[in-house]
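Q: sequence isn't available, so here's the structure alone:
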RNA sequence: GCUUGACUAGUC
């Protein structure tokens, strides 16, 4: 059984949900009983492959075969559902845990909050967060972060910023103080409402708030995007330089953000220069970069060049053909 | 470091 489980775990790493399911069937044919590990790994494979319904099916199969799902199996299934935005199914499992006497842990709540966030249910996400806060163990920074993201993607950036304040107040409360992810999400909240200056001051605050909040490339990228959306291309370019002065390495996403900011500011030449320096840095343009370049050329009516870009991008694999 | 199982953020 353990040999099979190792093989299924390997399928999970590769996201090969079909093979994982086949291995479980094969175990049965040979008279072996798949256990919790077998099923959880198979569920994990579905999660990585973005197949929430198969994950749900496996959880039920587990139950039907008298392998009682435990908190890990159920949470793994909720993670798969969360990735697909299947919030009502995720909450159903949470409720089932209650009735079956399985105690949910922080990861379980995190999965439920994420499911609501991805499903556009920010109110329910906040509701789950406060339920967790009222438990003896309390909520950790990660659950707060997921709730913040739920607010940002749900079009409630003000509530995300409220959570940041709440977390700052929690500071003595050990594991619920803001971290780098918290601040990055807060910067995204500002970005969505055009508050580029607030985004910049949050970035500055991060640098001064201690070792757990030092900005990384993603924090900078979010701030660059905030400036870009507000048509502040000069600030965006300055941030991109500052990122490197800080000893951080730009990556395709950070370049995409600054290239887009330049284009939004009408700085086509600058965006081309940035694209060139991206390639000089040894970074490969991706699908987003390609889209940017095509938009930039189209803006200026250079349709045939845009066509050629599409062909080249297909050849190099930057975009699917 | 791994030693049969689960979890958070950036550009579009």
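A: Now that the structure is in, tell me what you want to look at. Nothing here was measured: the structure is a model prediction, and the numbers come from that model.
Q: stretch A:226-236 and RNA strand B, any residue contact?
A: Yes - counting by Cβ under 7 Å from any atom of the strand, contacts between stretch A:226-236 and RNA strand B involve A:228, A:229. C-beta here means a position set from N, CA and C on the backbone, and glycine is covered the same way.
Q: give me the mean pLDDT for that stretch.
A: Mean pLDDT, computed over stretch A:226-236, is 98.
Q: just the terminal-to-terminal distance for it.
A: With Cα to Cα, to the nearest Å as the measure, stretch A:226-236 spans 8 Å from end to end.
Q: list the buried residues in that stretch.
A: Neighbour counts using 16 or more other Cβ atoms under 10 Å place A:226, A:227, A:228, A:229, A:230, A:232, A:233, A:235, A:236 of stretch A:226-236 among the buried residues.
Q: quick one: contacts of it?
A: A:187-188, A:190-191, A:194-196, A:199-200, A:224, A:239, A:257-258, A:260-262, A:264-265, A:267, A:270 (Cβ atoms under 8 Å, 6 or more residues apart in numbering).
Q: out of the residues you listed, who's near RNA strand B?
A: Near RNA strand B, by the rule Cβ under 7 Å from any atom of the strand, you find A:188, A:191, A:257, A:260 out of the contacts of stretch A:226-236.
Q: make JSON lines from those and add neighbour count, pLDDT and distance to residue A:113 to it.
A: Putting these into JSON lines (neighbours: other Cβ atoms under 10 Å; pLDDT from 0 to 100; distance: Cβ to Cβ, whole Å) gives the following:
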{"residue": "A:188", "neighbour count": "23", "pLDDT": "98", "distance to residue A:113": "17"}
{"residue": "A:191", "neighbour count": "23", "pLDDT": "98", "distance to residue A:113": "21"}
{"residue": "A:257", "neighbour count": "26", "pLDDT": "98", "distance to residue A:113": "27"}
{"residue": "A:260", "neighbour count": "24", "pLDDT": "98", "distance to residue A:113": "30"}
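Q: burial count for residue A:135?
A: 12 (other Cβ atoms under 10 Å).
Q: returning to that earlier point: filter the ones next to RNA strand B among the contacts of stretch A:226-236 down to the ones in helices?
A: Per DSSP state H, helices hold the following members of those: A:188, A:191, A:257, A:260.
Q: wait, which of those residues is closest to RNA strand B?
A: Using Cβ to the nearest atom of the strand, residue A:257 is the member of those that lies nearest RNA strand B, at 3.9 Å.
Q: so how far is residue A:247 from the spatially closest residue to that closest one that is not a sequence neighbour?
A: Distance criterion Cβ to Cβ, 6 or more residues apart in numbering; nearest residue to residue A:257, sequence neighbours excluded, is residue A:224 at 4.2 Å. Separation of residue A:224 from residue A:247 (Cβ to Cβ, to the nearest Å): 17 Å.
Q: and the two? Which one has more around it.
A: Neighbour comparison, residue A:224 and residue A:247: the larger count goes to residue A:224, with 35 against 6 (by other Cβ under 10 Å).
Q: immediately after the helix or strand where that one lies, which helix or strand?
A: Element membership for residue A:224 (DSSP states H and E) is helix A:217-229. With elements assigned by DSSP H and E, the helix or strand that comes after helix A:217-229 is helix A:233-245.
Q: show me which residues of the stretch 101-250 of chain A sit near RNA strand B.
A: A:105-108, A:110-111, A:114, A:141-142, A:145-146, A:149, A:180-181, A:184-185, A:188, A:191, A:216-219, A:221-222, A:225, A:228-229.
Q: buried subset of these?
A: Buried members of these, scored by 16+ other Cβ under 10 Å, are A:106-108, A:110-111, A:114, A:141-142, A:145-146, A:149, A:180-181, A:184-185, A:188, A:191, A:218-219, A:221-222, A:225, A:228-229.
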